[in-house]
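In: Using only what follows, build the 3D model:
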Amino acid sequence: MEATLLITGLGGFIGSHLARGLLDEGFRVVGVDNFDPFYDRSLKQDTLADLSACGVECHDLDVRDMPSFCALIEKTCPIGIMHMAGRPGISSSIDDPAGSIGMNLDALWSILEAARITGVHSLCIASSSSVYGRGTSHMQSEDDAPACPLCPYAAAKRGGEDLCHAWAAAFGLRIAILRYFTVYGPRQRPDMAIGRFMRMIDAGQEVTIYGDGTSHRDYTFAADTVAGTLAARQYLEGTEAGFFRRWNIGSGAPVMLGDLVEAIAEVVGRRPILEYQPSRDCDAVFTWADLERAGGELGYAPAICLEDGLRQQWEWLRGTGSVQRCGATNSGTLGSVSAD
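Out: Model prediction:
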């Protein structure tokens, strides 16, 4: 009989890619999603319809409903939980801090407690490069001293890591923390900068950049993110009770903001119209994943360069009609790229 893994946030960007990766490895996949109104429910429903056709089972459930979540665990008997759910976004957490804390920190506490109660001892937890704060032009290592968070989202992610450490130490859970660095690719969340600005440049709309365009981000293609997550899950199988470890999952090759705009314009085939505004305190200056630990322990080696990844994302946007469906509004900026 196939072993089962449970994914939270199944209909989301990373969760849906991860589901396909687990199917390819021969697992039965069960997932939950609460269809948070952060973005259009129909986008998730299209994704989930494709997954359902592949045999993935999805439940409309909020993990903060612990009795229902525990009941699902007991019914489906997963060998591990892959927690990808949450309220993403740096700017959105400033607009709605209570929502960000509730959907990130409270939800994680519920999952840890449900795992303890039901005896599921293996968990992979999505964290974020935002825990590193503003950053500097140096690689960011998992052993760096905790940074001061710049927004409620970053604070929730950092606090969530501490919760996981406590539950691993106190209750014998085995936990892998994946610090994702700005993930992009097909099915990227519509609020994130790369897809949004592909649509805006294609529509001839003005793109606002906060800062002078010299900030850097470590962009990670979705398939590389999944590969690192699968490797971490496999690593957990050989660990003992109380294991806790953080791994950066990035490209290890930060890209300057101005260069990213040029690369997007090249793929779309139109020149961007840019407007510059002063930088904002909530924006990281530099994200750069130190991959020594992930490479040495997980065998993680990102394989997709930025140009190839952007091309795949643009082909997906055009092929699915998402250029029109998601719109091209300037609801955010390239200066505030979501770092999760």
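In: what about D96, neighbour count?
Out: As a burial measure, D96 scores 15 neighbours (other C-beta atoms under 10 Å). Glycine gets a C-beta too; all of them are placed from N, C-alpha and C.
In: Spatially nearest residue to it, not counting backbone neighbours?
Out: In space, D96 comes closest to R87 once its chain neighbours are excluded; the distance is 7.9 Å by C-beta to C-beta, 6 or more residues apart in numbering.
In: cool, Y180 as well?
Out: Closest to Y180 by C-beta to C-beta, 6+ apart is I249, at 5.3 Å.
In: So for the one you found, what's the pLDDT?
Out: Note on I249: pLDDT of 98.
In: quick one: V29 from A232, how far?
Out: 17 Å (C-beta to C-beta, to the nearest Å).
In: could you pull out the strands for the chain?
Out: Using DSSP state E, the strands found in the chain span residues 4-8, 28-33, 57-60, 80-83, 122-128, 174-180, 183-184, 206-210, 216-217, 220-221, 244-249, 255-256, 273-277.
In: Do I have it right that S215 meets V261?
Out: No: using C-beta atoms under 8 Å, S215 is not in contact with V261; the gap is 11.7 Å.
In: Would you map out the domains in this protein?
Out: The chain breaks down into these domains under automatic domain parsing: 4-181+222-249, 184-218+251-289+303-336.
In: Quick one: closest of those to E297.
Out: Relative to E297, the nearest member of these by C-beta to C-beta is domain 4-181+222-249, separated by 6.6 Å.
In: Now do the contacts for the residue lying closest to A168 once chain neighbours are set aside.
Out: Distance criterion C-beta to C-beta, 6+ apart; nearest residue to A168, sequence neighbours excluded, is F244 at 4.0 Å. Contacts for F244 (C-beta atoms under 8 Å, 6 or more residues apart in numbering) come out as 164-165, 168-169, 174-175, 177.
In: Produce a PyMOL select command limited to the buried residues of the residues you listed.
Out: Applied in PyMOL, the following selects the buried portion of the contacts of F244 according to 16 or more other C-beta atoms under 10 Å:
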select buried, resi 164+165+168+174+175+177
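In: quick one on the thing from earlier: tell me which of S215 and V261 has more neighbours.
Out: Shown here are S215 and V261; by other C-beta under 10 Å, S215 has more neighbours (26 against 19).
In: how close does that one sit to C148?
Out: 18 Å.
In: Ok, H121 next?
Out: H121 is 33 Å from C148, by C-beta to C-beta.
In: May I have the phi/psi pair for F38?
Out: phi -60, psi -40 (degrees, to the nearest 10).
In: My read is that it contacts S92, right?
Out: Yes: assessed by C-beta under 8 Å, F38 is found in contact with S92 at 6.9 Å.
In: I figured L236 hits L173, correct?
Out: No: applying C-beta under 8 Å as the test, L236 and L173 come out as separate, 10.1 Å apart.
In: can you list residues touching both of those two?
Out: With contacts taken as C-beta under 8 Å, 6+ apart, the residues that reach both L236 and L173 are S122.
In: which of those two has more neighbours?
Out: Using other C-beta under 10 Å as the criterion, L236 and L173 rank with L173 on top: 23 against 18.
In: wait, what's in contact with that one?
Out: Counting by C-beta under 8 Å, 6+ apart, L173 has contacts 112, 115-116, 121-123, 164, 167, 241-242.
In: ditto for Y276
Out: So Y276 contacts 208-213 (C-beta under 8 Å, 6+ apart).
In: Just the buried residues out of these, in ChimeraX syntax.
Out: Selecting only the buried entries of the contacts of Y276 in ChimeraX, with 16+ other C-beta under 10 Å as the criterion:
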select :208,209,210,211,213
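In: Pull the most distant pair out of the contacts of Y276.
Out: Applying C-beta to C-beta across these, the maximum distance is between T208 and D212, 13.0 Å.
In: Tabulate the domains of the chain in TSV, adding columns for distance to G295.
Out: Shown next, in TSV, are the domains of the chain (distance: least, C-beta to C-beta, whole Å):
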stretch	distance to G295
domain 4-181+222-249	10
domain 184-218+251-289+303-336	9
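In: any idea which helix is longest in the chain?
Out: helix 152-171 (DSSP state H).
In: Point out where the stretch 1-150 of the chain drops to low pLDDT.
Out: 1 (pLDDT under 70).
In: G238 - how many residues pack around it?
Out: 8.
In: From H138, how far off is it?
Out: In terms of C-beta to C-beta, G238 sits 32 Å off from H138.
In: likewise C58?
Out: 41 Å.
In: And those two? Which one has more around it.
Out: C58 (21 against 10).
In: what residues are up against F35?
Out: Applying C-beta under 8 Å, 6+ apart, the residues near F35 are 11, 41, 44, 60.
In: Need these in JSON lines (columns: distance to A222 and neighbour count).
Out: Converted to JSON lines, these look like this (distance: C-beta to C-beta, whole Å; neighbours: other C-beta atoms under 10 Å):
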{"residue": "G11", "distance to A222": "15", "neighbour count": "28"}
{"residue": "R41", "distance to A222": "21", "neighbour count": "13"}
{"residue": "K44", "distance to A222": "16", "neighbour count": "22"}
{"residue": "D60", "distance to A222": "24", "neighbour count": "10"}
